[in-house]
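Colleague: This is the structure alone, sequence omitted:
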């Protein structure tokens with residue numbers, strides 16, 4: 001499979017890139033600064049998300065996996081903007097599939113009540129979580145031919161190797177037997193590639209946790 005990873009030098013994006021390569025996929029890395037990408041057997045393309053996306057950059061790709069965050073520059077508006085831009089450009093490039101690295105803040109803790117609205121939600125992550133909520137809204141309201149999946153991790157996604165099987169859910173927030181919502185970045189990347197290969201959750205949000 002020919003996979004493009006947008007944001008391939010970021011923490012989650014680099015884990016996805018590594019997992020895709022380990023499975024033998026043909027990978028194109030879209031990055032703002034190519035010098036930050038370790039030497040790997042990938043095609044590298046420079047992209048500035050503040051500029052119009054170039055249709056030709058995405059041709060001959062089976063699936064785009066986007067790991068976009070506004071945390072570093074505190075430009076959280078770039079998240080929903082990038083969703084809109086990709087949904088406009090990818091059909092022209094004849095890319096059929098888009099997977100999005102989402103957040104946990106939009107998961108429901110009760111019918112119609114999302115985790116972000118909880119009084120215990122960390123203040124430091126609210127702007128980033130709200131950006132992900134807005135991105136999901138763009139997907140759900142879009143009239144597009146793109147087959148998309150918004151992949152929400154557990155509330156705690158952390159550095160580390162695989163810890164074994166993970167569970168897949170939908171819009172509802174769920175925890176493990178100890179009441180914790182956790183997933184390592186390695187297992188999140190595995191879940192993302194599993195979904196890329198299976199296309200089991202077309203045009204919907206899925207969640208991943210232990």
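Modeller: Alright, I've got the coordinates. Source: prediction; values computed, not measured.

Colleague: what residues are up against the closest residue to residue 188 other than its chain neighbours?
Modeller: Counting by CB to CB, 6 or more residues apart in numbering, residue 153 is the residue found nearest to residue 188 once chain neighbours are left out, at 5.0 Å. Every C-beta, even on glycine, is put in place using the N, C-alpha and C of the backbone. Contacts for residue 153 (CB atoms under 8 Å, 6 or more residues apart in numbering) come out as 101, 102, 103, 104, 183, 188, 207, 208, 209.

Colleague: ok, the fourth one to residue 53 distance?
Modeller: Distance, residue 104 to residue 53, by CB to CB, to the nearest Å: 27 Å.

Colleague: just the fifth one next, same as before
Modeller: Here residue 183 is placed at a distance of 30 Å from residue 53 (CB to CB).

Colleague: For residue 121, pull up the helix or strand it's in.
Modeller: When elements are assigned from DSSP states H and E, residue 121 belongs to no helix and no strand.

Colleague: re earlier: between residue 183 and residue 53, which one's more packed in?
Modeller: Neighbours per residue (other CB atoms under 10 Å) separate residue 183 from residue 53, with residue 183 holding more: 27 against 20.

Colleague: Might one say that that one is in contact with residue 160?
Modeller: No. With contacts defined as CB atoms under 8 Å, residue 183 does not count as touching residue 160, sitting 9.5 Å away.

Colleague: phi, psi of the nearest residue to residue 104 once chain neighbours are set aside?
Modeller: Closest residue to residue 104 in three dimensions, ignoring its sequence neighbours and counting by CB to CB, 6+ apart: residue 155, at 4.6 Å. Reported as degrees, to the nearest 10, the phi and psi values for residue 155 are phi -60, psi -30.

Colleague: follow-up on the earlier one: I'd like to know how far the residue nearest to residue 188 sits from residue 181.
Modeller: The gap separating residue 153 from residue 181 is 9 Å, by CB to CB.

Colleague: and for those two, which residues touch both?
Modeller: Taking CB under 8 Å, 6+ apart as the contact criterion, the common neighbours of residue 153 and residue 181 are 104, 209.

Colleague: Partner strands of the worst-scoring helix or strand of the chain on mean pLDDT, with direction?
Modeller: In the chain, the helix or strand scored least confidently by mean pLDDT, DSSP states H and E is strand 43-46, which has a mean of 94. With DSSP bridges as the test, strand 43-46 is paired with strand 26-31 (parallel).

Colleague: Centre of the chain to the strand it pairs with, how far?
Modeller: 15 Å (CA atoms, centre = their mean, to the nearest Å).

Colleague: What are the buried residues along it?
Modeller: For strand 26-31, a neighbour-count test (16 or more other CB atoms under 10 Å) marks 26, 27, 28, 29, 30, 31 as buried.

Colleague: Which strand residues bridge the last one?
Modeller: For residue 31, the beta-bridge partners are residue 46 (DSSP bridges).
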